[in-house]
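Q: I need the structure of the sequence given here:
(one chain, ligands or ions: 1)
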Amino acid sequence: MEYRVAIVGATGLVGQEFIKVLEQRKFPMNSVHLFASDRSAGRKLSVANKKIEVKETAADSFKGIDIALFSAGADISRHFSPIAAQSGAVVIDNSAAFRMDPEIPLVVPEINPEDIQWHKGIIANPNCSTIQMVVALYPLHKVNPIKRIIAATYQSVSGTGSAAIEELTIQAKQVLDGEATVPHVYPHQIAFNLLPEIDVFLDNDYTKEEWKMVQETRKIMHAPEIAISATCVRVPVFVGHSEAIYVEFSEPMSPDEARDILAQAPGVKVLDDPTVSLYPQPVSAAGTDEVYVGRIRRDSSHPNGLVMWVVADNIRKGAALNAVQIAEEMIKREWLQPTGAKR
Ligand SMILES: NC(=O)c1ccc[n+]([C@@H]2O[C@H](COP(=O)([O-])OP(=O)(O)OC[C@H]3O[C@@H](n4cnc5c(N)ncnc54)[C@H](OP(=O)(O)O)[C@@H]3O)[C@@H](O)[C@H]2O)c1
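A: Got it, this is the predicted structure:
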């Protein structure tokens with residue numbers, strides 16, 4: 001069986017990665033339909049060696065579509081996802097529009113694939129920082145329930161989209177040339193700097209990105225009782241988010257036990273040998289599918305605690321790959337019929 005796939009936001013960083021991931025994984029596509037704003041309408045993008053024209057997203061874009069992958073921002077998702085679902089497509093949405101809606105499943109296939117089953121046309125893809133954290137922590141939580149998580153993130157500029165990649169590139173050159181920088185995408189210079197501000201500030205003094213990590217983790221892991229606190233920091237890295245994570249379990253867990261569990265865990269690769277400076281790095285994670293875990297050690301401040309360093313490609317596992325894996329899971333479990341079969 002083959003499926004008619006629509007990509008909304010096809011010209012963006014995540015949209016481009018959708019195309020790459022669908023091609024690389026040989027996703028069973030009958031046809032691909034590319035959408036963006038009127039700015040890109042008429043551009044041609046290559047998909048599986050065919051040139052496909054990008055169209056402006058419109059209410060009638062989703063007729064006959066089986067799967068609609070959305071990555072064009074929350075406003076576009078809020079407007080067009082219900083229309084796409086109404087047309088009979090299953091929407092997998094990368095924005096923050098629906099993630100905390102109790103009627104919409106929020107899915108990481110390694111963790112809660114069964115939640116896909118209660119969708120009503122829209123499935124939410126979690127935030128990039130949340131995905132890599134839960135992929136690394138859930139296998140440990142199943143063995144020894146987690147009570148508390150404290151995370152500090154080091155998030156690459158690709159998490160903000162293509163304009164941020166350009167901003168870092170230009171600013172890095174300007175700084176090296178001794179010129180002044182003018183920030184556009186971020187509130188301050190990002191080249192050779194760190195910004196502890198991702199998404200907007202909330203009334204509780206956390207940023208929205210930090211609060212997403214709290215709420216989304218609890219929803220995906222079905223663990224509303226876990227205490228979580230995060231500090232999210234934008235760093236001058238192009239691709240790959242890194243996280244220093246402090247975990248408190250119900251009972252003590254040794255670093256060796258954690259390594260053994262994670263070595264068997266789906267989607268995880270342990271890179272942990274300090275004697276040869278082996279640990280995950282964003283530069284080597286970029287372009288790959290796994291969530292990498294290293295620097296696993298006892299938390300010297302708590303008998304039931306472990307500390308670890310978790311890195312993943314935020315555009316792949318943090319966005320496009322996770323969404324495509326959701327679609328693959330639906331096909332594998334026979335929860336998705338092509339439109340032709342439905343009508
Ligand atoms: N980057 C990440 O790591 C990441 C991770 C998870 C989720 N996401 C989410 O994915 C979405 C896109 O991120 P990105 O990094 O790909 O951003 P991006 O590179 O800035 O791309 C934005 C995309 O949205 C399209 N778009 C903008 N306005 C539109 C409109 N009015 N109608 C239709 N399409 C429109 C753009 O099309 P034009 O070319 O026509 O402007 C472009 O294809 C965001 O919701 C983001 O939160 C991103």
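Q: what's residue 284 in contact with, if anything?
A: Shown in contact with residue 284 (C-beta atoms under 8 Å, 6 or more residues apart in numbering): residue 292. For every residue, glycine as well, the C-beta is placed using N, CA and C.
Q: now do the buried residues in the host helix or strand of it.
A: Assigned by DSSP states H and E, residue 284 falls within helix 282-285. If you call a residue buried by 16 or more other C-beta atoms under 10 Å, then helix 282-285 has these buried ones: 282, 285.
Q: which parts of the stretch 201-343 of the chain are helices?
A: With DSSP state H, counting those that start in this stretch as the definition, the stretch 201-343 of the chain shows helices at residue ranges 208-221, 255-264, 282-285, 321-332, 339-342.
Q: in contact with residue 265, which residues?
A: 110, 135, 136, 138, 139.
Q: contact partners for the residue in the chain that the ligand sits nearest to?
A: Residue of the chain nearest the ligand, by C-beta to the nearest ligand atom: residue 12 (2.1 Å). For residue 12, the contact set (C-beta under 8 Å, 6+ apart) comprises 36, 71, 72, 161, 162.
Q: quick one, phi psi at the residue of the chain positioned farthest from its centre?
A: Of all residues in the chain, residue 178 has its C-alpha farthest from the mean position, at 35.6 Å, by C-alpha atoms, centre = their mean. The phi/psi pair for residue 178 (degrees, to the nearest 10) reads phi 70, psi 20.
Q: pLDDT score for it?
A: For residue 178, the model assigns a pLDDT of 98.
Q: save the helices of the stretch 201-343 of the chain as JSON lines, and put in mean pLDDT and distance to residue 155 too.
A: Below are these laid out as JSON lines (pLDDT from 0 to 100; distance: least, C-beta to C-beta, whole Å):
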{"stretch": "helix 208-221", "mean pLDDT": "98", "distance to residue 155": "8"}
{"stretch": "helix 255-264", "mean pLDDT": "98", "distance to residue 155": "22"}
{"stretch": "helix 282-285", "mean pLDDT": "98", "distance to residue 155": "10"}
{"stretch": "helix 321-332", "mean pLDDT": "98", "distance to residue 155": "16"}
{"stretch": "helix 339-342", "mean pLDDT": "56", "distance to residue 155": "38"}
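Q: got a markdown table for these, with distance to residue 235 too?
A: Below are the helices of the stretch 201-343 of the chain laid out as a markdown table (distance: least, C-beta to C-beta, whole Å):
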| stretch | distance to residue 235 |
| --- | --- |
| helix 208-221 | 13 |
| helix 255-264 | 24 |
| helix 282-285 | 9 |
| helix 321-332 | 22 |
| helix 339-342 | 43 |
